[in-house]
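Enquirer: Got a sequence here, can you model it:
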Amino acid sequence: RFAKMADYLASIFGTEKDKVNCSFYFKIGACRHGDRCSRLHNKPTFSQTILMQNMYQNPNNASRNTDGPKILTDEQEQSHFDNFFEDVFIELEDKYGYVEEMNVCDNMGDHLLGNVYVKFKTEEVAEKAVMDLNNRWYNGQPIHSELSPVTDFREACCRQYEMGECTRGGFCNFMHLKPISRDLKHFLYDSRGGGRKKGRSRSRSRSRSRSPRRGRR
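Expert: Next comes the predicted model:
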């Protein structure tokens, strides 16, 4: 009987049937209830994935809340985001190790707004990155980093959003990932190794000054 109960509890862990552990925290590493959640947020002691909370600041977010005019055109917003993504991706890979995947949330809810998730090749690299990044700053703001339970971003993402059908908009509780341009994706993921860092030197020089850095609190 105990073995069957253990198997059952293991099978529902982190799902909506689990009345003890928060399924949202398990799937997306964040929960809109935060510390007030009635279910447990089991923070991992080891993981390949780290979360840097609310790190990306989209200049157009204010207008998204009020339906007012955009500060940046769509093209300018994409360029701003690409520069941020490239800057952070290369800095992290140069300093800590191989980045398997990096994703940035485009949600508007406070618990997901601007969240940056980075999946490294090993748990050891991720642990080192978290410890170091919590003593660093980006764009004038301290970085808040932690290990994340997210390992499969397909499970964390909103499928309706990916099909253009999400009715919850920016306040959906599943990840709406902001896409990088095709050229940047090729540059970062497909052109690793020799010569990659020279390929986008102009955009890199514009954003380099904002790279994660050590600073006084």
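Enquirer: Which residues are in contact with Glu162?
Expert: By CB atoms under 8 Å, 6 or more residues apart in numbering, the contact set of Glu162 is empty. In short, each C-beta sits where N, CA and C put it, glycine included.
Enquirer: ok, now Phe174?
Expert: Neighbours of Phe174 in contact, by CB under 8 Å, 6+ apart: Lys27, Ile28, Ala156, Cys157, Cys158, Tyr161.
Enquirer: I'd guessed the second one sits against Asn107; true?
Expert: No. Applying CB atoms under 8 Å as the test, Ile28 and Asn107 come out as separate, 9.6 Å apart.
Enquirer: what residues do those two have in common as contacts?
Expert: Met175.
Enquirer: Name the helix or strand of this protein that has the lowest mean pLDDT.
Expert: Here the helix or strand of the chain ranked lowest by mean pLDDT, DSSP states H and E is helix 201-207, holding a mean of 44.
Enquirer: As TSV, the contacts of Phe174 with pLDDT and secondary structure would be great.
Expert: Compiled in TSV, the contacts of Phe174 are given as follows (pLDDT from 0 to 100; DSSP: H, G, I helix; E, B strand; the rest coil):
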residue	pLDDT	secondary structure
Lys27	86	helix
Ile28	87	helix
Ala156	90	helix
Cys157	92	strand
Cys158	93	coil
Tyr161	91	helix
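Enquirer: Could you say which of these is surrounded by the most neighbours?
Expert: Neighbour counts for the contacts of Phe174 (other CB atoms under 10 Å) peak at Ile28, which has 26 neighbours.
Enquirer: Next, the buried residues of the helix ranked longest in the chain.
Expert: In the chain, taking DSSP state H as the definition, the longest helix is helix 74-95. Neighbour counts over helix 74-95 (16 or more other CB atoms under 10 Å) mark 77-78, 80-93 as buried.
Enquirer: and of those residues, the nearest to Glu101?
Expert: Using CB to CB, Phe89 comes nearest to Glu101 of those, at 10.1 Å.
Enquirer: For the chain, give me the ranges with low pLDDT.
Expert: Scanning the chain for pLDDT under 70 picks out 1-19, 64-68, 193-217.
Enquirer: Would you state the strands of this protein in chain order?
Expert: Secondary structure of the chain, counting by DSSP state E: strands at 49-52, 99-104, 116-120, 136-138, 141-142, 145-147, 213-214.
Enquirer: List of residues touching the first one?
Expert: The set of residues external to strand 49-52 that reach it, using CB under 8 Å, 6+ apart, is 29-30, 115-120, 126, 129-130, 133, 143-151.
Enquirer: May I have the strands that pair with it, each with its orientation?
Expert: In the sheet, strand 49-52 lines up against strand 116-120 (antiparallel), strand 145-147 (antiparallel) (DSSP bridges).
Enquirer: distance of the nearest residue to Asn42 once chain neighbours are set aside from Ile28?
Expert: Leaving aside its chain neighbours, Asn42 sits nearest to Asn21 (6.0 Å; criterion: CB to CB, 6 or more residues apart in numbering). According to CB to CB, to the nearest Å, Asn21 stands 14 Å off from Ile28.
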